[in-house]
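J.: next one to model:
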Amino acid sequence: MTKIKRKKNKTQSKWIVLLGIVMIMITITYFFLLKNTPQKPSSKYLLYQDSKIGFSIKYPEAWELRQNTQIFENGDAIAFGITGQNQKTQTELTDGAQISISLPFKITTNLDSWIEKYFDDKAEISQNTLNNRTFKRVYTCSGAGCITYFYTAVDNQIYGIAVFAQGANKMVYDNTVVYMIKSLQFNSVTNGKITKEEAITKIKLKPEVVDYLRQIPSAKVEINGEENNFYLIQVYEIKDNHTATFNWYKVEKSTGKIIKEF
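T.: As a prediction, this is how the structure comes out:
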């Protein structure tokens, strides 16, 4: 009886050790997958609107506005981008994403003919329908990397969208870009009056505000009143339950002129 009992205890010990090893392996695998799983960008989207050119688009709050890009030959209207944690400074984009929208331009032929002439034979051309709008999709690669272009015709003008995404979060970036393109709306050009959204965007694009928002991502840029023909915009953060103002700006509704308070 004693020998049988010892054998049983020995068998139980082996199973306990084996179970412990399995649990350790599961734990290691879980943390490895957690670390390498692409993280979803901010689910909060803001509205970018350009009434002079005639379009609006939604973009993630975590993405920054970029006004100094030159992707399109005829000029860029605006770009939105995000930089990943593994991106090295002063190098080509290897971890992050960017979507650029061109200034509208005219062509002398139809869109299909123009695309075939403009891009080389290696470019992959297809057609996509997003939010009931038809886009010509062009995927092309060069020494600087691969870019996907989307082109659509609106009121006898062509709008182009350039998309570039790389890194561990590429799948998430690609899904975000599709959502952004689906949100793209083309509107009639207004009489030039600046909307509230455009006024806020103008302030966000100012270099000192860009630097401030990079240092304090939780900071806010909001309209806190109107004065005659001006929007009053406050750039601030909530610190120790108090409002810490970075600066106040006035944006003229008719011209978009910006006046900084201090």
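J.: can you tell me what sits against stretch 200-220?
T.: For stretch 200-220, the surrounding residues in contact (CB atoms under 8 Å, 6 or more residues apart in numbering) are 48-49, 62, 64-65, 67, 194, 221-223, 233-238, 246-247, 249, 251, 256, 258. The C-beta positions use only the backbone N, C-alpha and C, and glycine is treated the same way.
J.: now, of these, which are buried?
T.: 48-49, 64-65, 194, 221, 223, 233-237, 246-247, 249, 251, 258 (16 or more other CB atoms under 10 Å).
J.: mind checking which of the contacts of stretch 200-220 land in helices?
T.: For the contacts of stretch 200-220, membership in helices holds for none, with DSSP state H as the criterion.
J.: okay, and which of those map to strands?
T.: Of the positions in the contacts of stretch 200-220, 48-49, 64-65, 221-223, 233-238, 246-247, 249, 251, 258 sit in strands, assigned by DSSP state E.
J.: now do the strands in the stretch 101-250 of the chain.
T.: 124-130, 133-142, 145-154, 157-166, 185-186, 220-227, 230-239, 242-252 (DSSP state E, counting those that start in this stretch).
J.: dump these to CSV, plus distance to residue 97 and mean pLDDT.
T.: Shown next, in CSV, are these (distance: least, CB to CB, whole Å; pLDDT from 0 to 100):
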stretch, distance to residue 97, mean pLDDT
strand 124-130, 17, 91
strand 133-142, 16, 92
strand 145-154, 11, 91
strand 157-166, 4, 93
strand 185-186, 21, 86
strand 220-227, 22, 92
strand 230-239, 26, 94
strand 242-252, 27, 94
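J.: of all these, which gets the most neighbours per residue?
T.: strand 157-166 (a mean of 21; mean count of other CB atoms under 10 Å).
J.: counting contacts, what elements does that one pack onto?
T.: strand 96-102, strand 145-154, helix 170-183 (3 or more CB pairs under 8 Å, 6 or more residues apart in numbering; DSSP states H and E).
J.: angle of it against strand 96-102?
T.: 170 degrees (axes from the mean of the first three to the mean of the last three CA atoms, to 10 degrees).
J.: if we can go back for a sec, between the helices and strands packed on strand 157-166, which one is nearest to residue 110?
T.: strand 145-154 (8.5 Å; CB to CB).
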